[in-house]
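1. Let me see the structure of the following:
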Amino acid sequence: MTDLDRDHLIGNIVDHLGHAAKRIQMRQTALFFKADTDYGRRVAAGLGLDVAAVERLAAMSPEERAGATKPGTFS
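-> Numbering: from 1, shown residues only. The predicted structure follows:
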(Lines give C-alpha, C1' and ligand atoms only; values in the text may rest on other atoms or scores of the structure.)
Protein backbone atom coordinates (compact mmCIF):
# COMPACT_ATOMS: atom_id res chain seq x y z
CA MET A 1 0.00 0.00 0.00
CA THR A 2 1.06 3.54 -0.59
CA ASP A 3 1.21 6.01 2.29
CA LEU A 4 -1.99 7.59 0.97
CA ASP A 5 -3.70 4.20 0.85
CA ARG A 6 -2.67 3.56 4.48
CA ASP A 7 -3.99 6.97 5.50
CA HIS A 8 -7.33 6.20 3.85
CA LEU A 9 -7.49 2.76 5.49
CA ILE A 10 -6.85 4.24 8.95
CA GLY A 11 -9.41 6.99 8.32
CA ASN A 12 -12.06 4.49 7.25
CA ILE A 13 -11.43 2.22 10.23
CA VAL A 14 -11.51 5.13 12.66
CA ASP A 15 -14.72 6.42 11.11
CA HIS A 16 -16.50 3.08 11.35
CA LEU A 17 -15.04 1.89 14.66
CA GLY A 18 -15.78 5.29 16.16
CA HIS A 19 -19.44 4.24 16.40
CA ALA A 20 -18.64 1.14 18.50
CA ALA A 21 -18.56 0.90 22.29
CA LYS A 22 -15.23 1.90 23.76
CA ARG A 23 -14.53 -1.63 25.01
CA ILE A 24 -14.89 -2.90 21.43
CA GLN A 25 -12.66 -0.11 20.15
CA MET A 26 -10.02 -1.07 22.72
CA ARG A 27 -10.19 -4.79 21.93
CA GLN A 28 -10.08 -4.33 18.16
CA THR A 29 -7.32 -1.72 18.29
CA ALA A 30 -5.24 -4.09 20.43
CA LEU A 31 -5.57 -6.67 17.65
CA PHE A 32 -4.49 -4.09 15.08
CA PHE A 33 -1.52 -3.29 17.34
CA LYS A 34 -0.58 -6.98 17.46
CA ALA A 35 -0.64 -7.12 13.66
CA ASP A 36 1.44 -3.95 13.24
CA THR A 37 2.38 -1.51 16.01
CA ASP A 38 2.21 1.58 13.80
CA TYR A 39 -1.19 0.52 12.51
CA GLY A 40 -2.49 0.03 16.05
CA ARG A 41 -1.05 3.30 17.29
CA ARG A 42 -2.56 5.25 14.42
CA VAL A 43 -6.00 3.73 14.92
CA ALA A 44 -5.75 4.34 18.69
CA ALA A 45 -4.74 7.96 18.12
CA GLY A 46 -7.57 8.47 15.64
CA LEU A 47 -10.07 7.13 18.15
CA GLY A 48 -8.57 9.14 21.03
CA LEU A 49 -7.68 5.97 22.94
CA ASP A 50 -4.91 5.58 25.50
CA VAL A 51 -2.13 3.96 23.46
CA ALA A 52 -0.47 2.52 26.58
CA ALA A 53 -3.73 0.77 27.51
CA VAL A 54 -4.02 -0.59 23.97
CA GLU A 55 -0.45 -1.91 24.21
CA ARG A 56 -1.25 -3.64 27.52
CA LEU A 57 -4.31 -5.29 25.96
CA ALA A 58 -2.26 -6.38 22.94
CA ALA A 59 0.19 -8.19 25.25
CA MET A 60 -2.61 -10.23 26.86
CA SER A 61 -3.85 -13.66 25.84
CA PRO A 62 -7.19 -13.70 24.00
CA GLU A 63 -8.92 -14.84 27.18
CA GLU A 64 -7.31 -12.10 29.30
CA ARG A 65 -8.15 -9.48 26.65
CA ALA A 66 -11.79 -10.62 26.56
CA GLY A 67 -11.99 -10.38 30.36
CA ALA A 68 -10.36 -6.97 30.40
CA THR A 69 -12.87 -5.64 27.86
CA LYS A 70 -16.04 -7.29 29.13
CA PRO A 71 -19.27 -5.26 29.19
CA GLY A 72 -19.09 -2.47 31.74
CA THR A 73 -15.40 -1.76 31.17
CA PHE A 74 -14.10 1.37 29.47
CA SER A 75 -17.45 3.11 29.84
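2. Find the residue at the geometric middle of the protein.
-> Nearest to the mean C-alpha position of the chain, by Cα atoms, centre = their mean, lies Thr29 at 1.2 Å.
3. surely it meets Gly40?
-> Yes - counting by Cβ atoms under 8 Å, Gly40 is a contact partner of Thr29 at 5.8 Å. Yep, even glycine has a C-beta here, placed from its N, CA and C like the rest.
4. Give the intersection of the neighbour lists for the two.
-> Each of Val54 lies in contact with both Thr29 and Gly40 under the rule Cβ atoms under 8 Å, 6 or more residues apart in numbering.
5. ok, back up a step: for the residue nearest to the centre of the chain, give its distance to Leu47.
-> Computed with Cβ to Cβ, to the nearest Å, the distance linking Thr29 and Leu47 is 7 Å.
6. Between these two, which contacts overlap?
-> Listed as contacting both Thr29 and Leu47 by Cβ under 8 Å, 6+ apart are Leu17.
7. Now do the same contact list for Val51.
-> 41, 44-45.
8. Tabulate the residues you listed in JSON lines, adding columns for neighbour count, distance to Ala20 and secondary structure.
-> Formatted as JSON lines, the entries for the contacts of Val51 read as follows, by neighbours: other Cβ atoms under 10 Å; distance: Cβ to Cβ, whole Å; DSSP: H, G, I helix; E, B strand; the rest coil:
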{"residue": "Arg41", "neighbour count": "18", "distance to Ala20": "18", "secondary structure": "helix"}
{"residue": "Ala44", "neighbour count": "23", "distance to Ala20": "14", "secondary structure": "helix"}
{"residue": "Ala45", "neighbour count": "14", "distance to Ala20": "16", "secondary structure": "helix"}
